[in-house]
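Peer 1: Sequence and predicted structure are below.
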Protein chains: 2
Amino acid sequence: MGIPNLQIALDNSSLDEALATIKEAGPFVDIVEAGTILCLAEGMQAVKCLRALYPDKIIVADTKCADAGSTVAKNCTDAGADWMTIICCATIPTMKSALKEVKELQVELYGDWTFEQAESWLDIGVTQVVYHQSRDALLSGETWGEKDLTKVKKLVDMGFKVSVTGGLELETLELFRGVDVFTFIAGRSITAAEDSAQAAQDFKAEIQRIWG
Amino acid sequence: MGIPNLQIALDNSSLDEALATIKEAGPFVDIVEAGTILCLAEGMQAVKCLRALYPDKIIVADTKCADAGSTVAKNCTDAGADWMTIICCATIPTMKSALKEVKELQVELYGDWTFEQAESWLDIGVTQVVYHQSRDALLSGETWGEKDLTKVKKLVDMGFKVSVTGGLELETLELFRGVDVFTFIAGRSITAAEDSAQAAQDFKAEIQRIWG
(Lines give C-alpha, C1' and ligand atoms only; values in the text may rest on other atoms or scores of the structure.)
Protein backbone atom coordinates (compact mmCIF):
# COMPACT_ATOMS: atom_id res chain seq x y z
CA MET A 1 0.00 0.00 0.00
CA GLY A 2 1.39 3.38 -1.01
CA ILE A 3 1.33 6.58 0.99
CA PRO A 4 -1.59 8.70 -0.23
CA ASN A 5 -0.85 12.04 -1.88
CA LEU A 6 -2.16 15.30 -0.53
CA GLN A 7 -3.91 17.49 -3.07
CA ILE A 8 -5.11 21.01 -2.43
CA ALA A 9 -8.23 22.17 -4.27
CA LEU A 10 -8.40 25.86 -5.08
CA ASP A 11 -12.02 26.77 -5.43
CA ASN A 12 -11.70 30.51 -5.39
CA SER A 13 -13.70 32.73 -7.70
CA SER A 14 -10.71 34.86 -8.71
CA LEU A 15 -7.09 34.23 -9.57
CA ASP A 16 -5.70 36.67 -7.03
CA GLU A 17 -7.63 34.99 -4.23
CA ALA A 18 -6.45 31.58 -5.41
CA LEU A 19 -2.83 32.73 -5.38
CA ALA A 20 -3.23 34.21 -1.90
CA THR A 21 -4.75 30.90 -0.82
CA ILE A 22 -2.04 28.65 -2.23
CA LYS A 23 0.94 30.80 -1.25
CA GLU A 24 1.33 29.41 2.27
CA ALA A 25 0.22 25.80 1.83
CA GLY A 26 1.59 25.23 -1.68
CA PRO A 27 5.06 24.03 -0.70
CA PHE A 28 3.62 21.26 1.51
CA VAL A 29 1.19 19.58 -0.86
CA ASP A 30 1.91 17.05 -3.62
CA ILE A 31 -0.74 18.09 -6.10
CA VAL A 32 -2.27 21.48 -6.84
CA GLU A 33 -5.76 21.61 -8.31
CA ALA A 34 -7.38 24.48 -10.15
CA GLY A 35 -10.92 23.77 -8.98
CA THR A 36 -13.98 23.95 -11.19
CA ILE A 37 -15.07 27.28 -9.73
CA LEU A 38 -11.65 28.73 -10.47
CA CYS A 39 -11.40 27.25 -13.98
CA LEU A 40 -14.84 28.60 -14.87
CA ALA A 41 -14.11 31.98 -13.31
CA GLU A 42 -10.62 32.61 -14.70
CA GLY A 43 -10.16 30.07 -17.46
CA MET A 44 -6.85 28.41 -18.28
CA GLN A 45 -4.95 31.47 -17.08
CA ALA A 46 -5.39 29.99 -13.61
CA VAL A 47 -3.75 26.73 -14.66
CA LYS A 48 -0.91 28.61 -16.35
CA CYS A 49 -0.21 30.61 -13.20
CA LEU A 50 -0.21 27.51 -11.00
CA ARG A 51 2.18 25.80 -13.40
CA ALA A 52 4.45 28.85 -13.29
CA LEU A 53 4.47 28.86 -9.50
CA TYR A 54 4.88 25.11 -9.04
CA PRO A 55 6.93 23.78 -11.96
CA ASP A 56 7.67 20.49 -10.18
CA LYS A 57 4.25 19.63 -8.75
CA ILE A 58 1.39 17.82 -10.38
CA ILE A 59 -1.22 20.30 -11.58
CA VAL A 60 -4.84 19.20 -12.05
CA ALA A 61 -7.44 21.11 -14.04
CA ASP A 62 -10.77 20.19 -12.47
CA THR A 63 -12.82 20.97 -15.54
CA LYS A 64 -15.41 18.21 -14.97
CA CYS A 65 -15.46 18.03 -18.75
CA ALA A 66 -18.70 16.67 -20.21
CA ASP A 67 -18.19 17.06 -23.95
CA ALA A 68 -15.65 18.23 -26.51
CA GLY A 69 -13.09 16.14 -24.63
CA SER A 70 -10.33 16.59 -27.13
CA THR A 71 -10.40 20.39 -27.22
CA VAL A 72 -10.89 20.86 -23.49
CA ALA A 73 -8.08 18.41 -22.74
CA LYS A 74 -5.72 19.99 -25.23
CA ASN A 75 -6.38 23.41 -23.72
CA CYS A 76 -5.62 22.04 -20.24
CA THR A 77 -2.40 20.41 -21.40
CA ASP A 78 -1.33 23.52 -23.28
CA ALA A 79 -1.88 25.51 -20.08
CA GLY A 80 0.39 23.16 -18.17
CA ALA A 81 -1.97 20.71 -16.50
CA ASP A 82 -0.84 17.12 -15.95
CA TRP A 83 -4.26 15.72 -15.21
CA MET A 84 -7.79 16.76 -16.09
CA THR A 85 -11.12 15.69 -14.66
CA ILE A 86 -14.08 14.46 -16.67
CA ILE A 87 -17.60 13.95 -15.37
CA CYS A 88 -18.85 10.37 -15.02
CA CYS A 89 -21.88 10.97 -17.23
CA ALA A 90 -19.67 11.98 -20.18
CA THR A 91 -19.90 9.51 -23.04
CA ILE A 92 -17.17 6.98 -23.79
CA PRO A 93 -16.24 8.77 -27.04
CA THR A 94 -15.76 11.98 -25.01
CA MET A 95 -13.52 10.18 -22.53
CA LYS A 96 -11.56 8.52 -25.31
CA SER A 97 -10.92 11.77 -27.11
CA ALA A 98 -9.83 13.48 -23.88
CA LEU A 99 -7.47 10.61 -23.00
CA LYS A 100 -5.44 11.34 -26.11
CA GLU A 101 -4.67 14.89 -25.00
CA VAL A 102 -3.72 14.63 -21.31
CA LYS A 103 -1.24 12.62 -19.30
CA GLU A 104 -3.98 11.17 -17.08
CA LEU A 105 -7.71 11.56 -16.89
CA GLN A 106 -9.71 11.44 -13.66
CA VAL A 107 -13.37 10.47 -13.80
CA GLU A 108 -15.39 12.45 -11.27
CA LEU A 109 -18.02 10.30 -9.61
CA TYR A 110 -21.22 12.29 -9.15
CA GLY A 111 -24.82 11.13 -8.98
CA ASP A 112 -25.89 7.72 -10.20
CA TRP A 113 -22.81 6.12 -11.76
CA THR A 114 -22.49 2.32 -11.79
CA PHE A 115 -19.61 -0.14 -11.42
CA GLU A 116 -20.52 -1.40 -14.87
CA GLN A 117 -19.76 2.07 -16.24
CA ALA A 118 -16.55 2.08 -14.23
CA GLU A 119 -15.48 -1.14 -15.96
CA SER A 120 -16.02 0.54 -19.31
CA TRP A 121 -13.74 3.41 -18.24
CA LEU A 122 -10.99 0.95 -17.33
CA ASP A 123 -11.46 -0.72 -20.70
CA ILE A 124 -10.59 2.47 -22.58
CA GLY A 125 -7.57 3.26 -20.43
CA VAL A 126 -8.85 5.51 -17.66
CA THR A 127 -6.60 5.05 -14.60
CA GLN A 128 -8.09 7.40 -12.03
CA VAL A 129 -11.42 8.18 -10.40
CA VAL A 130 -12.36 10.83 -7.86
CA TYR A 131 -14.83 9.70 -5.22
CA HIS A 132 -16.90 12.58 -3.90
CA GLN A 133 -19.08 13.78 -1.26
CA SER A 134 -20.51 16.68 -3.24
CA ARG A 135 -20.13 20.02 -1.56
CA ASP A 136 -23.82 20.62 -1.91
CA ALA A 137 -24.63 17.18 -0.49
CA LEU A 138 -22.41 17.98 2.48
CA LEU A 139 -24.17 21.30 2.91
CA SER A 140 -27.46 19.46 3.10
CA GLY A 141 -26.15 17.27 5.89
CA GLU A 142 -24.69 14.13 4.28
CA THR A 143 -21.35 12.85 5.52
CA TRP A 144 -18.74 10.09 5.07
CA GLY A 145 -19.81 6.59 6.03
CA GLU A 146 -19.45 2.87 5.51
CA LYS A 147 -21.26 2.93 2.17
CA ASP A 148 -18.60 5.33 0.85
CA LEU A 149 -15.73 3.20 2.14
CA THR A 150 -17.19 0.10 0.52
CA LYS A 151 -17.40 1.84 -2.84
CA VAL A 152 -13.91 3.30 -2.54
CA LYS A 153 -12.46 -0.14 -1.72
CA LYS A 154 -14.27 -1.72 -4.64
CA LEU A 155 -12.90 0.93 -7.03
CA VAL A 156 -9.38 0.32 -5.67
CA ASP A 157 -9.84 -3.43 -6.15
CA MET A 158 -10.94 -2.83 -9.74
CA GLY A 159 -7.57 -1.21 -10.37
CA PHE A 160 -8.30 2.49 -10.19
CA LYS A 161 -6.12 5.04 -8.47
CA VAL A 162 -8.83 6.53 -6.27
CA SER A 163 -8.82 10.10 -5.02
CA VAL A 164 -11.19 10.97 -2.23
CA THR A 165 -12.70 14.38 -1.63
CA GLY A 166 -15.51 16.38 -0.09
CA GLY A 167 -15.47 17.89 3.36
CA LEU A 168 -12.31 16.05 4.43
CA GLU A 169 -11.08 17.05 7.86
CA LEU A 170 -7.94 15.83 9.56
CA GLU A 171 -10.09 13.51 11.66
CA THR A 172 -11.73 12.00 8.56
CA LEU A 173 -8.48 10.36 7.43
CA GLU A 174 -8.58 7.69 10.15
CA LEU A 175 -11.80 6.39 8.57
CA PHE A 176 -9.77 5.32 5.53
CA ARG A 177 -7.11 3.38 7.47
CA GLY A 178 -6.29 0.18 5.61
CA VAL A 179 -7.70 1.52 2.32
CA ASP A 180 -5.26 2.09 -0.53
CA VAL A 181 -6.34 5.69 -1.20
CA PHE A 182 -4.27 7.31 -3.95
CA THR A 183 -4.89 10.93 -3.02
CA PHE A 184 -6.76 12.91 -0.41
CA ILE A 185 -8.08 16.14 -1.82
CA ALA A 186 -8.56 18.86 0.78
CA GLY A 187 -10.08 22.24 0.19
CA ARG A 188 -11.25 24.53 2.90
CA SER A 189 -9.89 22.44 5.76
CA ILE A 190 -6.52 23.73 4.54
CA THR A 191 -7.32 26.91 2.65
CA ALA A 192 -9.64 28.33 5.31
CA ALA A 193 -7.39 27.36 8.21
CA GLU A 194 -5.89 30.18 10.23
CA ASP A 195 -2.44 28.82 9.37
CA SER A 196 -2.86 26.98 6.10
CA ALA A 197 0.83 26.00 5.87
CA GLN A 198 0.47 24.30 9.25
CA ALA A 199 -2.84 22.71 8.21
CA ALA A 200 -1.20 21.21 5.10
CA GLN A 201 1.70 19.89 7.18
CA ASP A 202 -0.75 18.41 9.69
CA PHE A 203 -2.52 16.55 6.86
CA LYS A 204 0.80 15.24 5.54
CA ALA A 205 1.82 14.12 9.04
CA GLU A 206 -1.50 12.38 9.65
CA ILE A 207 -1.26 10.58 6.31
CA GLN A 208 2.29 9.50 7.24
CA ARG A 209 1.14 8.35 10.67
CA ILE A 210 -1.65 6.18 9.25
CA TRP A 211 -0.11 4.90 6.00
CA GLY A 212 3.62 5.40 6.60
CA MET B 1 -46.83 26.07 -30.47
CA GLY B 2 -44.28 28.86 -30.25
CA ILE B 3 -41.61 29.74 -32.77
CA PRO B 4 -38.31 28.20 -31.64
CA ASN B 5 -35.46 30.51 -30.70
CA LEU B 6 -32.12 30.42 -32.46
CA GLN B 7 -29.12 30.17 -30.16
CA ILE B 8 -25.52 30.40 -31.29
CA ALA B 9 -22.94 28.39 -29.34
CA LEU B 10 -19.48 29.88 -29.19
CA ASP B 11 -17.06 27.05 -28.61
CA ASN B 12 -13.85 28.85 -29.34
CA SER B 13 -10.73 28.36 -27.24
CA SER B 14 -10.00 32.08 -26.98
CA LEU B 15 -12.00 35.23 -26.44
CA ASP B 16 -10.69 37.03 -29.52
CA GLU B 17 -11.69 34.09 -31.74
CA ALA B 18 -15.12 34.01 -30.11
CA LEU B 19 -15.63 37.70 -30.76
CA ALA B 20 -14.55 37.33 -34.38
CA THR B 21 -16.99 34.43 -34.65
CA ILE B 22 -20.01 36.21 -33.19
CA LYS B 23 -19.45 39.56 -34.86
CA GLU B 24 -21.27 38.73 -38.10
CA ALA B 25 -23.98 36.36 -36.90
CA GLY B 26 -24.68 37.96 -33.53
CA PRO B 27 -27.34 40.44 -34.66
CA PHE B 28 -29.48 37.66 -36.18
CA VAL B 29 -29.69 35.20 -33.28
CA ASP B 30 -31.94 35.31 -30.22
CA ILE B 31 -29.58 33.80 -27.68
CA VAL B 32 -25.80 33.93 -27.38
CA GLU B 33 -24.03 31.10 -25.59
CA ALA B 34 -20.57 31.14 -24.10
CA GLY B 35 -19.82 27.46 -24.72
CA THR B 36 -18.10 25.17 -22.25
CA ILE B 37 -14.81 25.27 -24.14
CA LEU B 38 -14.88 29.07 -24.07
CA CYS B 39 -15.93 29.33 -20.40
CA LEU B 40 -13.14 26.95 -19.37
CA ALA B 41 -10.60 28.69 -21.57
CA GLU B 42 -11.37 32.31 -20.74
CA GLY B 43 -13.52 32.20 -17.63
CA MET B 44 -16.33 34.64 -16.91
CA GLN B 45 -14.54 37.38 -18.84
CA ALA B 46 -16.07 35.76 -21.93
CA VAL B 47 -19.58 36.10 -20.51
CA LYS B 48 -18.91 39.71 -19.50
CA CYS B 49 -17.77 40.59 -23.02
CA LEU B 50 -20.81 38.95 -24.63
CA ARG B 51 -23.09 40.81 -22.23
CA ALA B 52 -21.32 44.08 -23.13
CA LEU B 53 -21.74 43.41 -26.85
CA TYR B 54 -25.34 42.19 -26.68
CA PRO B 55 -27.07 44.01 -23.82
CA ASP B 56 -30.54 43.04 -25.06
CA LYS B 57 -30.03 39.38 -25.92
CA ILE B 58 -30.24 36.35 -23.67
CA ILE B 59 -26.77 35.23 -22.66
CA VAL B 60 -26.16 31.62 -21.60
CA ALA B 61 -23.11 30.41 -19.70
CA ASP B 62 -22.70 26.77 -20.69
CA THR B 63 -20.76 25.79 -17.59
CA LYS B 64 -22.20 22.26 -17.36
CA CYS B 65 -21.92 22.81 -13.63
CA ALA B 66 -21.59 19.60 -11.58
CA ASP B 67 -21.02 20.88 -8.06
CA ALA B 68 -20.76 24.09 -6.05
CA GLY B 69 -23.94 25.21 -7.81
CA SER B 70 -24.44 28.32 -5.77
CA THR B 71 -20.99 29.81 -6.35
CA VAL B 72 -20.78 28.90 -10.02
CA ALA B 73 -24.28 30.28 -10.63
CA LYS B 74 -23.57 33.50 -8.75
CA ASN B 75 -20.39 34.01 -10.76
CA CYS B 76 -22.34 33.52 -14.00
CA THR B 77 -25.04 35.94 -12.94
CA ASP B 78 -22.49 38.51 -11.78
CA ALA B 79 -20.84 38.25 -15.20
CA GLY B 80 -24.14 39.01 -16.91
CA ALA B 81 -25.52 35.59 -17.84
CA ASP B 82 -29.29 35.06 -17.86
CA TRP B 83 -29.15 31.30 -17.94
CA MET B 84 -26.63 28.70 -16.87
CA THR B 85 -26.33 25.02 -17.70
CA ILE B 86 -25.95 22.22 -15.19
CA ILE B 87 -25.05 18.63 -15.96
CA CYS B 88 -27.75 16.01 -15.53
CA CYS B 89 -25.69 13.92 -13.11
CA ALA B 90 -25.39 16.83 -10.69
CA THR B 91 -27.18 16.15 -7.42
CA ILE B 92 -30.52 17.70 -6.55
CA PRO B 93 -28.92 19.84 -3.79
CA THR B 94 -26.49 21.21 -6.40
CA MET B 95 -29.35 22.04 -8.76
CA LYS B 96 -31.36 23.63 -5.95
CA SER B 97 -28.50 25.84 -4.87
CA ALA B 98 -27.82 26.92 -8.45
CA LEU B 99 -31.50 27.72 -9.05
CA LYS B 100 -31.35 30.40 -6.38
CA GLU B 101 -28.63 32.33 -8.18
CA VAL B 102 -29.67 32.42 -11.85
CA LYS B 103 -32.76 33.48 -13.75
CA GLU B 104 -33.14 30.06 -15.34
CA LEU B 105 -31.22 26.82 -15.17
CA GLN B 106 -30.86 24.40 -18.09
CA VAL B 107 -30.15 20.74 -17.36
CA GLU B 108 -27.79 19.28 -19.97
CA LEU B 109 -28.80 15.76 -20.91
CA TYR B 110 -25.70 13.60 -21.34
CA GLY B 111 -25.23 9.88 -20.91
CA ASP B 112 -27.71 7.75 -18.98
CA TRP B 113 -30.26 10.16 -17.53
CA THR B 114 -33.80 8.92 -16.84
CA PHE B 115 -37.27 10.43 -17.09
CA GLU B 116 -37.64 9.73 -13.38
CA GLN B 117 -34.69 12.04 -12.76
CA ALA B 118 -36.27 14.58 -15.09
CA GLU B 119 -39.43 14.55 -12.94
CA SER B 120 -37.29 15.34 -9.90
CA TRP B 121 -35.82 18.34 -11.71
CA LEU B 122 -39.31 19.66 -12.48
CA ASP B 123 -40.23 19.17 -8.84
CA ILE B 124 -37.51 21.57 -7.66
CA GLY B 125 -38.34 24.23 -10.25
CA VAL B 126 -36.09 23.49 -13.22
CA THR B 127 -37.81 24.77 -16.37
CA GLN B 128 -35.36 23.92 -19.13
CA VAL B 129 -33.43 20.97 -20.50
CA VAL B 130 -30.94 20.75 -23.34
CA TYR B 131 -31.21 17.60 -25.44
CA HIS B 132 -27.87 16.68 -27.01
CA GLN B 133 -26.17 14.73 -29.56
CA SER B 134 -22.74 14.95 -27.97
CA ARG B 135 -20.08 16.38 -30.24
CA ASP B 136 -17.93 13.36 -29.62
CA ALA B 137 -20.83 10.99 -30.30
CA LEU B 138 -21.40 12.78 -33.59
CA LEU B 139 -17.72 12.47 -34.41
CA SER B 140 -17.99 8.74 -33.88
CA GLY B 141 -20.83 8.55 -36.38
CA GLU B 142 -24.08 8.87 -34.42
CA THR B 143 -26.82 11.10 -35.77
CA TRP B 144 -30.35 12.41 -35.14
CA GLY B 145 -33.15 9.87 -35.33
CA GLU B 146 -36.60 8.78 -34.21
CA LYS B 147 -35.39 7.78 -30.73
CA ASP B 148 -34.21 11.36 -30.16
CA LEU B 149 -37.50 12.85 -31.37
CA THR B 150 -39.48 10.58 -29.08
CA LYS B 151 -37.45 11.70 -26.08
CA VAL B 152 -37.65 15.36 -27.02
CA LYS B 153 -41.44 15.12 -27.39
CA LYS B 154 -41.76 13.40 -24.03
CA LEU B 155 -39.70 16.11 -22.33
CA VAL B 156 -41.90 18.78 -23.93
CA ASP B 157 -45.02 16.93 -22.76
CA MET B 158 -43.59 16.82 -19.23
CA GLY B 159 -43.51 20.61 -19.27
CA PHE B 160 -39.89 21.44 -20.04
CA LYS B 161 -38.74 24.11 -22.41
CA VAL B 162 -36.49 21.90 -24.53
CA SER B 163 -33.44 23.13 -26.39
CA VAL B 164 -31.95 20.86 -29.02
CA THR B 165 -28.32 20.76 -30.02
CA GLY B 166 -25.50 18.78 -31.56
CA GLY B 167 -24.57 18.82 -35.23
CA LEU B 168 -27.70 20.72 -36.28
CA GLU B 169 -27.72 21.62 -39.95
CA LEU B 170 -30.35 23.66 -41.77
CA GLU B 171 -31.75 20.41 -43.16
CA THR B 172 -32.04 18.86 -39.68
CA LEU B 173 -34.77 21.32 -38.65
CA GLU B 174 -37.44 19.68 -40.81
CA LEU B 175 -37.06 16.53 -38.66
CA PHE B 176 -38.53 18.45 -35.74
CA ARG B 177 -41.63 19.72 -37.59
CA GLY B 178 -44.63 19.49 -35.28
CA VAL B 179 -42.47 19.36 -32.16
CA ASP B 180 -42.66 22.29 -29.75
CA VAL B 181 -38.89 22.89 -29.61
CA PHE B 182 -38.01 25.90 -27.44
CA THR B 183 -34.59 26.64 -28.93
CA PHE B 184 -32.33 25.30 -31.64
CA ILE B 185 -28.69 25.66 -30.68
CA ALA B 186 -26.35 25.87 -33.64
CA GLY B 187 -22.59 25.97 -33.51
CA ARG B 188 -20.35 25.36 -36.44
CA SER B 189 -23.14 25.24 -39.00
CA ILE B 190 -23.29 28.99 -38.41
CA THR B 191 -19.87 29.89 -37.05
CA ALA B 192 -17.92 27.92 -39.64
CA ALA B 193 -20.09 29.04 -42.57
CA GLU B 194 -18.42 31.18 -45.22
CA ASP B 195 -21.02 33.87 -44.54
CA SER B 196 -22.11 33.32 -40.95
CA ALA B 197 -24.54 36.27 -40.97
CA GLN B 198 -26.31 34.68 -43.91
CA ALA B 199 -26.20 31.24 -42.25
CA ALA B 200 -27.87 32.66 -39.12
CA GLN B 201 -30.54 34.35 -41.26
CA ASP B 202 -31.10 31.11 -43.17
CA PHE B 203 -31.69 29.29 -39.88
CA LYS B 204 -34.14 31.97 -38.73
CA ALA B 205 -35.98 31.81 -42.07
CA GLU B 206 -36.19 28.01 -41.97
CA ILE B 207 -37.53 28.10 -38.40
CA GLN B 208 -40.11 30.68 -39.52
CA ARG B 209 -41.06 28.56 -42.54
CA ILE B 210 -41.65 25.44 -40.44
CA TRP B 211 -43.07 26.90 -37.21
CA GLY B 212 -44.29 30.36 -38.30
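Peer 2: All right, it came through fine.
Peer 1: which residues touch the longest helix anywhere in chain A?
Peer 2: In chain A, assigned by DSSP state H, the helix with the most residues is helix A:196-211. With contact meaning CB atoms under 8 Å, 6 or more residues apart in numbering or on different chains, helix A:196-211 is reached by A:1-4, A:6, A:8, A:21, A:24-25, A:27-29, A:170, A:173-174, A:176-177, A:184, A:186, A:189-190, A:193. To be clear about C-beta, it is placed using only N, CA and C from the backbone, and glycine gets the same treatment.
Peer 1: Write the PyMOL selection for whichever of those are buried.
Peer 2: Buried subset of those, written as a PyMOL selection, criterion 16 or more other CB atoms under 10 Å in any protein chain shown:
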select buried, chain A and resi 4+6+8+21+24+25+28+29+170+173+176+184+186+189+190+193
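Peer 1: Which of the contacts of helix A:196-211 fall within strands?
Peer 2: A:L6, A:I8, A:F184, A:A186 (DSSP state E).
Peer 1: How about the second one: what's its closest non-neighbour residue?
Peer 2: The shortest distance from A:I8 to any residue that is not its chain neighbour, by CB to CB, 6 or more residues apart in numbering or on different chains, is 4.5 Å, and that residue is A:V29.
Peer 1: residue contacts, the one you found?
Peer 2: Counting by CB under 8 Å, 6+ apart, the residues that A:V29 touches are A:L6, A:Q7, A:I8, A:K57, A:I190, A:A200, A:K204.
Peer 1: try it again with 10 Å
Peer 2: A:5-9, A:22, A:54, A:57-58, A:185-186, A:190, A:200-201, A:203-204 (CB atoms under 10 Å, 6 or more residues apart in numbering or on different chains).
Peer 1: can you name the two of those that are farthest apart?
Peer 2: Pairwise distances across these (CB to CB) peak at 18.6 Å, for the pair A:I58 and A:Q201.
Peer 1: just the strands in chain A please.
Peer 2: Read by DSSP E, chain A holds these strands, from start to end of the chain: A:5-10, A:31-34, A:58-65, A:83-87, A:104-109, A:128-132, A:161-165, A:183-186.
Peer 1: The fifth one: how far from the chain's middle?
Peer 2: In terms of CA atoms, centre = their mean, to the nearest Å, the centre of strand A:104-109 is found 8 Å from the chain centre.
Peer 1: now swap in the last one and tell me
Peer 2: Here the centre of strand A:183-186 is set off from its chain's centre by 6 Å, with CA atoms, centre = their mean.
Peer 1: I figured A:A81 was touching A:C49, is that so?
Peer 2: No: A:A81 is beyond contact range of A:C49, at 11.9 Å (criterion: CB atoms under 10 Å).
Peer 1: can you list residues touching both of those two?
Peer 2: A:A34.
Peer 1: Would you mind telling me which of those two has the busier surroundings?
Peer 2: A:A81 (28 against 19; other CB atoms under 10 Å in any protein chain shown).
Peer 1: give me every residue that touches the more buried one.
Peer 2: A:32-34, A:39, A:44, A:47-48, A:50-51, A:58-63, A:73, A:75, A:102-103.
Peer 1: Tell me how many other residues surround A:K161.
Peer 2: So A:K161, with other CB under 10 Å, has 19 neighbours.
Peer 1: if I look at it, how far off is B:V181?
Peer 2: 43 Å (CB to CB, to the nearest Å).
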